[in-house]
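Trainee: Okay, sequence plus prediction incoming.
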Amino acid sequence: MLLPFEIEKNYELIRAEVEKTGVELFEITYHRNGGRSVLTLTVDKQGGVTLDDCALVNQAVGDFLDKITQEGSQDALLQGAYNLEVVSPGLDRPLKVEKDFLRVTGDRVKLTFKKEADHVATWTGKVLAATAEGVQLELKDGAKKLIAYDQILSAQREIQIKGKL
C-alpha cells in the first residue's frame, strides 16, 4: 500500500528521528485496521535489533509524530488515532545493496545471480567484503568470487543453528 502523502513528504524527517536512536530505517508501511491507522517502521542495525532498540525507536518517533501531528491540523501526518509499530526485518531479510552486504560481512549467504546471458547460478559462501563494485564471496572450496550488485537476483543470509537439538 502507498504511504499517505504526509508521511511520504516527511519520510526523511522520520528517517532522521529513527537514526538518532542508532538504528537504520529499512522500510515504512501504512495500513488501516478498523478505525485506526497503523504505521509500521522496520528497522535494523549491525548485529540485529533488540526489543530495547524497538522500544527506543517507538518512543522517539512516537514523541516526534505527536509533536508535529495535532489532530485537526492541516499539517497532521496522521489524522485521528494511530498505532506505531517498530519491527525488525528478521534474520532472513533480503540483501540487495552494498549496505545490506556490509551488515552481514563474515556471515554465510545464499546468492542467486545472472551468470551469463541466460544462465543463472546460485552460490553459498562467506561474505568477505562489500564494495561499490559488488560483493566478494568465499566459496566452500576457498575460491573467491566477486558478484556485481546488478547481477544479483536474490540473496539472503544463511541461518546456521549451532549446538545439538
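Mentor: Good, I have the coordinates.

Trainee: Spatially central residue in the chain, please.
Mentor: Most central in the chain under C-alpha atoms, centre = their mean is Phe26, positioned 3.2 Å from the mean C-alpha point.

Trainee: what packs against the one helix or strand that one maps to?
Mentor: With elements taken from DSSP states H and E, the one containing Phe26 is strand 24-33. Using 3 or more C-beta pairs under 8 Å, 6 or more residues apart in numbering; DSSP states H and E as the contact criterion, the secondary-structure elements in contact with strand 24-33 are helix 11-19, strand 36-44. C-beta: built from backbone N, CA, C; applies to glycine.

Trainee: mind saving the C-alpha coords of the lowest-mean-pLDDT helix or strand in the chain as CSV?
Mentor: Within the chain, no helix or strand scores below helix 5-9, which has a mean of 77 by mean pLDDT, DSSP states H and E. Backbone C-alpha positions of helix 5-9 (Å, rounded to 0.1, in the frame of the first residue of the first chain) are rendered in CSV as follows:
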residue,chain,number,x,y,z
PHE,A,5,1.2,11.9,1.1
GLU,A,6,2.0,13.5,4.5
ILE,A,7,4.2,10.5,5.5
GLU,A,8,5.9,10.3,2.1
LYS,A,9,6.6,14.1,2.3
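
Trainee: quick one: buried residues of that helix?
Mentor: Judged by neighbour count using 16 or more other C-beta atoms under 10 Å, the buried positions of helix 5-9 are Ile7.

Trainee: and that helix, how far out from the chain's middle?
Mentor: Computed by C-alpha atoms, centre = their mean, to the nearest Å, the chain-centroid distance of helix 5-9 equals 20 Å.

Trainee: The helices and strands packed on strand 24-33: lowest mean pLDDT?
Mentor: Per-segment mean pLDDT for those reaches its minimum on strand 36-44, at a mean of 88.

Trainee: Give me the buried positions along whichever helix in the chain runs longest.
Mentor: With DSSP state H setting the assignment, residue counts place helix 51-68 as the longest helix in the chain. Residues of helix 51-68 classed as buried under the neighbour-count rule (16+ other C-beta under 10 Å) are Asp53, Cys54, Leu56, Val57, Asn58, Val61, Gly62, Phe64, Leu65.

Trainee: Over to stretch 94-113?
Mentor: Counting neighbours by 16+ other C-beta under 10 Å, stretch 94-113 gives Leu95, Glu98, Asp100, Phe101, Arg103, Val104, Arg108, Val109, Leu111, Thr112, Phe113 as buried.

Trainee: Go through those residues and flag which are in helices.
Mentor: The helices, defined by DSSP H, take in Glu98, Asp100, Phe101, Arg103 from those.
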